[in-house]
Every structure is written in C-alpha cells, then in structure tokens.
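Student: Give me coordinates for this.
(chains A and B)
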Amino acid sequence: MNSCHKTNKMKKLEVCNIKKSFDTLYTLDHVSLSLEENQFVSILGPSGSGKSTLFNIIAGVQQADAGTILIKGEDYTGKTGRISYMYQKDLLMPWRTILENVSIPLILKGTGKRAAEKEATPYFELFGLKGFEDRYPHQLSGGMRQRAALLRTYLFAQDIMLLDEPFGGLDAITKRKMQRWLLEVLDNLKASILFITHDIDEAIFLSDKIYVLSDRPAKVKEVFDVPIERPRDDKVFTCEAFIKIKEAILNLL
Amino acid sequence: MRRPRSTNKFIEIDMLPIFFVAILIILWEIVVKLHIIDAFILPAPSSVVSALINTFDLMWPHITVTVFQAIVGFIVAIILSIIIAVTMDSIAIVKRTLYPIIITSQAVPIVTIAPLFAIWFGFGYLPKIIIVVLVCFFPITISLLEGLASVDKELLNLLKSMGAGRWDIYKLVKFPATLPNFFSGLKISGTYSIMGSVIGEWVGGNMGLGRYMLRVRQSYANDRVFATIVVIVLLSIGVLKIIQFIEKKAMPWQEEKI
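Tutor: Numbers count the residues shown, from 1 in each chain, chains lettered A, B, ... in the order given. Predicted coordinates:
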C-alpha cells in the first residue's frame, strides 16, 4: 500500500501514515517521512500546520489516530522514553542550575544525582557552556540556554533528536551563530536530527533532506534533497544549489 | 531600576513607614497627655509600654499557650493542605467535587461557629487548634492548587517524553514550581495562625492571650489590652519573618534574580 515498510535498508526513524484529528480539526493527513543514520532532515511548513503535533506523536507524548512510528525497525508508536525533543522555549527549570537541568534525563533513567552530573560535565566544553555549570538559567543568554536545552536532549538520547524550531525565539544574529554552531557540534556527535522550522534559509542551510508540509490538514507536499557539500559555511547562502532549492520551495508555498 | 538605599540586603527596611508610625505615636502620646482624650479611654503609648514591661511575666504563660496552639494548628493545616491540594491536582474528579465546597466553606464566619467547638471538643487545646487549622488551611490550599495547575504543560510533556512517571513529575517539576505559591500561602496563613489561636481562646478555657485579653478588658485595664495587642502583632510579624527567612533559604534561585 505504501513504501513505508517495504524498504530493505533499515531506517533510523520511520514515520508511517500518521493521521491525527482533534475533535473537528483535521491536523495530520497520512504523514510519512524517514530519517537515516547521521542525517539532518527538516520539516518545513506554515505555522499551525501541525508540525509540533507530529513531534509529540513521534516522542510518544500524544497518540496518533492511525499510523506507526518505527525506530531502527522497532515499533515505538505511542511509547515515551526513547526520543526526546527540544522546543523554541528552552524549558529549563529556573530552580535548577544548568548542570542540574541537563542531568535530568540521566536521573530519569535511574542514574544517581552525583553520577548523572559527573556524566554530563564533560559535554559542557563542546556545548560552549563551560564555567556555567552552577549558574541558574536566568543568568544565561538566550543562545546559551538553547545550547543547554540541546545538551539535555542529547543526554537523553544520543542517536536521534527532534528539534522543534529551536532557534525561533532568538534574534537574527544569534540565530545565525547558533545554526553554524549546531552544524559544527553535530560533526562531533553523530546524531540523526529531525528539525522543524518555517525558515526556508535555515532548512536549506542545515539539512540533507527537506519535507515541505501543506497547510492543515498537513501532508507531505514535496521532498527535496539538498546536494550541498559539508562542511558548510556562509557561502552556502549564495551558491547556485541553494538558490535553486529556495526557488522551488518558494514556488511551492 | 532605583537601588534600595540600604546596602545590607538582609535588613533592607524602608524608613518611610517607620517615620510615619513614629509621628503618629508621638501625636497620640501628646493627645492623651494633654487630656484631649482621657487615659481610661485611650491609654498613652508610654503607659502601654510600661504595662507591657510590668506585666510581661504575667503574660508569658499565656503567650506560650497561644503560640503552641498556633504552631500545632499551622503545621496540621500545612500537611492537610498539601495532601488535599495534591489529591485534587492529580485526580480531576476530586477537584471538581471539592473546589466549590472549599470556597463556600470560607464564607462561614469562624467566629460564629467557634462556640460550637467548645460544645463539641471541650475547653482544652483541641478546639483552638481546630480553629487555627480552619483559618490557615484555605490560603495554603488555594495557593498550592493555583501553583500546581499553572505548571508549564510543555515542560510536563517534555519530561513525559523522557519517560518520567507521575511521582517524578511531582518531585522534579510540580513541587519546586509551586514553591513560590506555597510560600505566599504560608505567609498569609502564618499571620492568621496567631489570630486564629486568639479567637479560639475567646470561646472558652482559661489560658492564652485571648483569655488574658478578655480578662484585662473586663477590668478596664486598657493599657494592658493594648499591651496584649502589641504582643499579638509582634508574634504575627515574627511568624511572617520566620517564613520569609525559610522562603529565601528554600528558593536560592529567586534571590539571585535580584
């Protein structure tokens, strides 16, 4: 019936025919997508198109009306505790220091508080948070808080991360810096990323593959591969491939 | 933002209300000393102070009784509030059932039902403690409920995605997030606790500041009545200060925001 289960190659994450309505609001219309090892995939769509609902379903926090979520071929539909996500809001707890905040996923997995903090500490350097372990979130800049939120997501599940407009709340300059920083950090992390955005430039700059979603009810309108070599820098924004994809997406929306 | 004048963070007192009260007290003293108002109607501040000093030994056992009842009642109210608020928060149907009842219960004037407690529970500590519990219970429960309900839903979802169970959510998010509400409820209830204890004593028994106050009033010793009021006010402020101190210790992240 569909290509979902038929592929021979096992995908890191497969989202098959997810359907979801809220009362009378038809939100997701048989959305399917897949994410491969070490791939960076973006979901691009208008605000309110149900992208965040899709993420909640993938993370297992919300139940889909129909469809399945496969992670490395295993069924994780409606199950929490496998993948975590990161929001536009950092969702750091104001009463916990940065170190205490990022070690929460480890504590939830049953690691003791001290062992969890010991395990988290070495990552502070890579995430540009060294020296801020014992600060409270309100003492950090917006960009740093997002990096802490990313570290928390990473410490929960190192192989797949869902990022839901993580830089949406930042100013343009910080946003650009964070995008470059993210690419750099991902080189070291070997993680597969599913990324929600409504910023076309951001999607092309970061991704290997872009799913363009339609208005509600959201379905996959088109899929674009981004054949731009890595490592990428600011020149990407003016290269021919970039402009071609951007044009195609603009025509679509 | 304008900086407070006092450099000592812990004391940080605004002098303006103190000056204002000082002027009022001086005026009061003058008015009584010049016999514009008779001393048996309104005792001069100086005689209130001397009554306070001279009769303090007499008041001391009453103070301990009132404070004891207030503290026991307050602690019981805190425990009860936490249990009820958490139950109401975690089970929707319990909240729907109890919430309007709790609100309505506050419309019943304590002073009118207090005499019944003497009939039901006698003249010992128990009826007074129950009154303190009734007075203190409401502000804590309501502020806890508000705090628990206002926790960021997205944060809860995030923790659920990480596999957090019900208890994890309370321990890691709901309780700490509710602390500011909890303490504002405690501060209101704490000041009420002394008053509740005093009201309870009006109903019966022979110990406590409420009893003592009735007795000195009946003998028209108005300076002692005022001395008792001063003690009650100071005790209430004392309770408030202790709660504020604990609040600062319990929420270090709030202090550093300043």
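Student: Spell out which residues of chain B are next to chain A.
Tutor: Chain B comes close to chain A at residues B:152, B:154-155, B:157-164, B:168, B:172-173, B:176-177, B:179, B:251, B:253, B:256-257, as judged by CB under 8 Å from any CB of the partner chain. C-betas here are computed from N, CA, C, even on glycine.
Student: run the last query once more with 10 Å
Tutor: B:152, B:154-165, B:168, B:171-173, B:175-177, B:179-180, B:250-254, B:256-257 (CB under 10 Å from any CB of the partner chain).
Student: Out of these, which end up buried?
Tutor: Buried subset of the residues of chain B next to chain A (neighbour count, 16 or more other CB atoms under 10 Å in any protein chain shown): B:154-164, B:168, B:172-173, B:175-177, B:179-180, B:251, B:253-254.
Student: Give me the subset of the residues of chain B next to chain A lying in helices.
Tutor: B:154-161, B:168, B:175-177, B:179-180, B:250, B:252-254 (DSSP state H).
Student: got a list of what the residue in the stretch 101-250 of chain B positioned nearest to chain A touches?
Tutor: Residue nearest to chain A within the stretch 101-250 of chain B: B:Gly163 (3.0 Å; CB to the nearest CB). Contact partners of B:Gly163, counting by CB atoms under 10 Å, 6 or more residues apart in numbering or on different chains, are A:Gly60, A:Lys79, A:Thr80, A:Gly81, A:Arg82, A:Ser84, A:Pro105, A:Leu108, A:Lys109, A:Gly110, A:Phe156.
Student: repeat that for 6 Å
Tutor: Residues in contact with B:Gly163, defined by CB atoms under 6 Å, 6 or more residues apart in numbering or on different chains, are A:Thr80, A:Gly81, A:Leu108.
Student: Those also near chain B: which ones?
Tutor: Among the contacts of B:Gly163, proximity to chain B is found for A:Thr80, A:Gly81, A:Leu108 (CB under 6 Å from any CB of the partner chain).
Student: how about the residues of the stretch 151-253 of chain A that lie near chain B?
Tutor: Within the stretch 151-253 of chain A, the positions near chain B by CB under 6 Å from any CB are A:Phe156.
Student: List, one by one, the residues from the stretch 1-150 of chain A near chain B.
Tutor: Checking the stretch 1-150 of chain A against chain B by CB under 6 Å from any CB, the hits are A:Ala59, A:Val61, A:Thr80, A:Gly81, A:Ser84, A:Leu91, A:Pro94, A:Trp95, A:Pro105, A:Leu108, A:Tyr136, A:His138.
Student: which ones are touching residue 87?
Tutor: This is for chain A. So A:Tyr87 contacts A:Asp164 (CB under 6 Å, 6+ apart).
Student: not what I meant, chain B
Tutor: The neighbourhood of B:Thr87, defined by CB under 6 Å, 6+ apart, consists of B:Val94.
Student: Report the buried residues of the host helix or strand of it.
Tutor: Using DSSP states H and E, B:Thr87 sits within helix B:56-90. Buried residues in helix B:56-90, counted by 16+ other CB under 10 Å: B:59, B:62-63, B:65-74, B:76-78, B:81-82, B:84-86, B:88-89.
Student: Adding pLDDT, neighbour count and secondary structure, write the residues of the stretch 1-150 of chain A next to chain B out as TSV.
Tutor: Below are the residues of the stretch 1-150 of chain A next to chain B laid out as TSV (pLDDT from 0 to 100; neighbours: other CB atoms under 10 Å in any protein chain shown; DSSP: H, G, I helix; E, B strand; the rest coil):
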residue	pLDDT	neighbour count	secondary structure
A:Ala59	89	25	helix
A:Val61	87	21	coil
A:Thr80	85	17	coil
A:Gly81	84	18	coil
A:Ser84	83	24	strand
A:Leu91	93	20	coil
A:Pro94	92	15	coil
A:Trp95	92	21	coil
A:Pro105	93	26	helix
A:Leu108	91	19	helix
A:Tyr136	93	21	coil
A:His138	92	12	helix
